[in-house]
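Participant: Any chance you can model this:
(chains A and B)
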Amino acid sequence: MLSKRTARVLATLLVAGSLTVTAAGCSSNSAGKSAGSGSGSGPGFGQQQEAVAIGTAAQSSGADPAIPGAKSGGTVTELQRADFSHLDPARVYSSTNQMADLLLTRQLTSYQWVDGKNTLVGDLATDTGRSSDGAKTWTYTLKDGLKYEDGSPITAQDVKYGIERTFQAELSGGPQYLQMWLTGSSDFSKVYPGPWGGQDLPAIETPDAKTIVFHLKSPHADFPFAAAMQSYSPVPKAKDTHAAFDQHPFSSGPYKVLSHDAGKSLELVRNTYWDPTTDPTRHAYPDKWNFEFGGQNLDIDQRLIAAKGEDADAMAFRTQVTPDLAEQVMSDPSLKSRTVDSVNPFTEYFSINNKRVTDVKERQALLMAFPKEQVRKIFGGPLYGDFSTTFLSPQVNGYHKFDLFGAPNTGDPAAAKKLLATSANPHPTIVYAYANTDQWQQAAVVISNALTAAGFNVVKHPISDQNYYDEMGAVDNPFDLYWAGWGPDWPSPTSVIAPIFDGRGIAPAGADTMLFNDPQVNSEIDRISAEPDLDQQNKDWSKLEEKIMAEVPAIPWVYSRLVVMYGPGLGGVHLGMIGTVYPLDVYVK
Amino acid sequence: MLRFLTRRLLGAALILLVISAATFLLFFAVTPDPALLSCGKQCTPETLAAIQHNLGVDSPVPVQYWHFLVGVFAGRDFGAGQHCPAPCLGYSFVNQQPVLQTLLDRLPATLSVAFGAGALVLTMGVGLGLIAALRRGKPLDKASMGLALIGASFQIYFFGIIARYVLVDQLGWLPRPDYTPLTSDPLQWAGGMILPWVTLAVVNAATYARFTRSTMLENLSEEYVRAVRAKGLSARAVYLKHAFRGAMTPVLTMFGIDMGMFLGGALITETTFNIPGIGRLAVDSVAAQDLPMMMGTVLVASTAMVFASIAVDACYALIDPRVRTS
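Facilitator: Numbering: from 1, shown residues only, chains lettered A, B, ... in the order given. A predicted model of the protein is given here:
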């Protein structure tokens, strides 16, 4: 699920006209085999991904299966505009921060990438977790031979302490799933203030150094996915340096911090105590990682294209190929061959204000007339994303391709007109709100023309881009149609459908930007969320998604795409679980 | 001179105090609550209040400013155990560092850019201007003025990016712009600074060339120049010793202002070339909504400006004896 802040980041960046969907706080299935283009996609190049499987105990043991041709050694340089805003796992939420912590920390579970397929397996734990009590109790057993950067053992008590730290109000910014699930309260710091004052969290039991038991207040079949978030990493109490931990975390992962010059550079070297035979999800081929901060996106692209000297082994996690260079990169086979080009887990849609536009015929007419393709063109065309007709991305479990209305991507004004003729008002007025940036101004003209052709009276309402999210997210906003986006934190439909369609969660700047509130849907969300069987749950979400789509709460637009270059000296570069390029399989040729 | 300096320094301190109060009010009163940024999903009023307390933004703005001033002399401690020793210019919760520490860390890069570019701007600009004035109306005048005009028409983010793309990425003639401390490797330091220096010089020298040319011509037509010419001084002495000296005063004023701006951080140059100086820090802290750091960079910039103008006034006295007597 996307936090408000995250959604705001997503919104702001897109609104700012940036081609990049540099969203934070999202994880999902990714990286896969080529399997044709997404539903209704344009001339989509690149790959289509499959959903994530839950691995067995056997898949969770031993080392990560070697990548053919990969070898250890070398130094990888990673280039990005800004420094990681946090390294302290408790505060890590944005996708780029999660990438850094993948190298520095381990979790109970993690994602294994083999041949383009992702599987959730036990990382510190021997399996993905054993549930009882209808998915309310989850038990994990730690492996043998787990060590921190100083050679001391990683214990169940440290995992518990790491999770307890996320309750500490001072360490704000991280995801809050486990905290809420363990206390049953969204104001969890009141129930348990964190460990710095010496208090213990009784909802987590550690009967011995290898066993950890979670007692949740409500059933959560997707607990193993939440346990893979970097925020829930082990921290030994003795090494908790409080605020200073953010600049220099104590490593449980394959690398440790050698130096960190905030805003300038970060150097990671091997944690020699990390034992690859205990870690089925991390190859850690390079000896060293150098992160360089501060380059402009264009500069980073040009460096990666030129790939001179050390830059041959350089890459970027999330710096999208700028539209100016996209043509050059995509038309030159030698450049295209070293480009990660994949649909990421984020979906973007145009929210219809369901409180104001109450006639379903009218909402359907909006969808029918909407010029998806013309708008995408303004934002860079096929590179921007693949056209969507659903809310679940192809990278989320439970995704299935369906198109209830068969609207063409260019819009069908005649069909929309017909629909309006059967509705209460054949010429309704629609207030379209958008961020006042170049690209969104152009898009507003295109959208207004298309809707006008279908018989709508369109009022364009620009909002200054700083205020876009606040004004559009107001629960009594005076608009009918506006852009929004969503990125799930893990590849389960629970992290998409529940937050964005639960009408009881309507709040200022909340996730349900459509102000969609259907009591039947709400009770169905409750029922499915409590379902202890994950497969059944995914199936039920799929059914519910179709039922919701029939109500046309919004106009699905695109599944966002990530297009990032890397140097010719690297291999094993692919899109990762969290919507960014993944570091764990990278090697220097 | 000592009285002059004392008076000016006291004035400078007062100006800086006013600037700090104004920026504090502007930033902390007008921008969105920094605590909201790290409050996350389902932000409750309680969590928000706790974060506000930790960030030290839970009291009225004037009280916060008072805490800031006290911190400058006595140091400060923040909620999550962060200590900021005196002189504390605030604490960055983004970098988890006292602001002053980061500023001092970034200052050498900015000084390198500023002094190198300053020297180059002055030599190129004044040199071209002198040549043009000397060869007034001749092809050399037209050529140097034309050249200057072309330079002035460029923007740093245009000229800099093109120059880097051609000279670094494509031809490989110049090293990639980067900052290496002068003390660790002087050659690499200079190599990494060439492009930023040249870019700043090309874009800024034009103004100096045109300005030098016109003030030189003005001075050359003054009575006193005619008088020294009549006395039979050599053209070189007339030109360099008398006319040039007179022409330098206004040029120096302009240079003082520019140096003040360079020292405060050449925002666009540092951002374009990825030089980790005060200018890029300012841009980064705006992007990260790091209010204490923004405040710190503004203070550096205003300090640089104030001191550059004091330096210019002091130099006047050296160049122009009339200033000393008045």
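Participant: how about the helices in the stretch 1-150 of chain B?
Facilitator: B:2-30, B:34-37, B:45-55, B:61-74, B:99-134, B:139-153 (DSSP state H, counting those that start in this stretch).
Participant: Residue B:191 is nearest to which of the ones you listed?
Facilitator: With respect to residue B:191, and counting by CB to CB, the nearest of the helices of the stretch 1-150 of chain B is helix B:99-134 at 11.8 Å. Quick note: C-beta positions are derived from backbone N, CA and C, even for glycine.
Participant: For the closest one, which helices and strands make contact with it?
Facilitator: Judged by 3 or more CB pairs under 8 Å, 6 or more residues apart in numbering or on different chains; DSSP states H and E, helix B:99-134 is in contact with strand B:91-92, helix B:139-153, helix B:186-220, helix B:244-263, helix B:267-272, helix B:278-287, helix B:291-319.
Participant: Sort out which residues of the third one are buried, please.
Facilitator: Buried residues in helix B:186-220, counting neighbours by 16 or more other CB atoms under 10 Å in any protein chain shown, are found at B:189, B:191-213, B:215-217, B:219-220.
Participant: what does the last one give?
Facilitator: The neighbour-count check on helix B:291-319 (16+ other CB under 10 Å) flags B:291-313, B:315-316 as buried.
Participant: any idea how far residue A:363 is from the spatially closest residue to residue A:427 that is not a sequence neighbour?
Facilitator: Among residues not flanking residue A:427 along the chain, residue A:455 sits closest, at 5.5 Å (CB to CB, 6 or more residues apart in numbering or on different chains). Using CB to CB, to the nearest Å, residue A:455 is found at 14 Å from residue A:363.
Participant: the more surrounded of the two?
Facilitator: Just comparing residue A:455 and residue A:363: by other CB atoms under 10 Å in any protein chain shown the higher neighbour count belongs to residue A:363, 24 against 19.
Participant: check which helix or strand covers that one.
Facilitator: helix A:360-369 (DSSP states H and E).
Participant: And that helix, what does it pack against?
Facilitator: helix A:413-421, helix A:438-453.
Participant: Kindly export whichever helix or strand comes after it (C-alpha atoms) in CSV.
Facilitator: Per DSSP H and E, the first helix or strand lying C-terminal to helix A:360-369 is helix A:372-378. Provided in CSV are the C-alpha atoms of helix A:372-378 (Å, rounded to 0.1, in the frame of the first residue of the first chain):
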residue,chain,number,x,y,z
LYS,A,372,-5.7,7.8,-23.2
GLU,A,373,-3.3,7.6,-26.1
GLN,A,374,-3.3,11.3,-26.9
VAL,A,375,-2.5,12.0,-23.2
ARG,A,376,0.2,9.4,-23.0
LYS,A,377,1.8,10.9,-26.1
ILE,A,378,2.3,14.2,-24.2
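Participant: For helix A:372-378, give the mean pLDDT please.
Facilitator: Mean per-residue pLDDT for helix A:372-378: 93.
Participant: Skip the chain neighbours and tell me the closest residue to residue B:118.
Facilitator: In this structure, residue B:118 finds its nearest non-sequential neighbour in residue B:259, 5.2 Å apart by CB to CB, 6+ apart.
Participant: What is the neighbour count of the one you found?
Facilitator: With other CB under 10 Å as criterion, residue B:259 counts 24.
Participant: coming back round to it: quick one: the helices of the stretch 1-150 of chain B as JSON lines, columns for mean neighbour count and mean pLDDT too.
Facilitator: Shown next, in JSON lines, are the helices of the stretch 1-150 of chain B (neighbours: other CB atoms under 10 Å in any protein chain shown; pLDDT from 0 to 100):
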{"stretch": "helix B:2-30", "mean neighbour count": "13", "mean pLDDT": "85"}
{"stretch": "helix B:34-37", "mean neighbour count": "20", "mean pLDDT": "69"}
{"stretch": "helix B:45-55", "mean neighbour count": "18", "mean pLDDT": "76"}
{"stretch": "helix B:61-74", "mean neighbour count": "14", "mean pLDDT": "88"}
{"stretch": "helix B:99-134", "mean neighbour count": "21", "mean pLDDT": "92"}
{"stretch": "helix B:139-153", "mean neighbour count": "15", "mean pLDDT": "86"}
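Participant: can you tell which of those is closest to residue A:197?
Facilitator: With CB to CB as the measure, helix B:45-55 is the member of the helices of the stretch 1-150 of chain B nearest residue A:197 (13.0 Å).
Participant: Does chain A have contacts with the closest one?
Facilitator: Yes. Using CB under 8 Å from any CB of the partner chain, helix B:45-55 reaches chain A at B:46-47, B:50-51, B:54.
Participant: Does anything pack onto that helix? Which helices or strands?
Facilitator: Using 3+ CB pairs under 8 Å, 6+ apart, helix B:45-55 sits against helix A:188-191, helix B:34-37.
Participant: So which of the ones you listed is nearest residue B:182?
Facilitator: Taking the helices and strands packed on helix B:45-55 one by one with CB to CB, helix B:34-37 is closest: 35.5 Å.
Participant: any idea how far the closest residue to residue B:74 other than its chain neighbours lies from residue B:64?
Facilitator: The spatial neighbour of residue B:74 that comes closest, neighbours along the chain excluded (CB to CB, 6+ apart), is residue B:86 at 5.5 Å. Computed with CB to CB, the distance linking residue B:86 and residue B:64 is 17 Å.
Participant: now do residue A:203
Facilitator: Look at residue A:203 and residue B:64: by CB to CB, they are 38 Å apart.
Participant: next one: residue A:155
Facilitator: Residue A:155 is 43 Å from residue B:64, by CB to CB.
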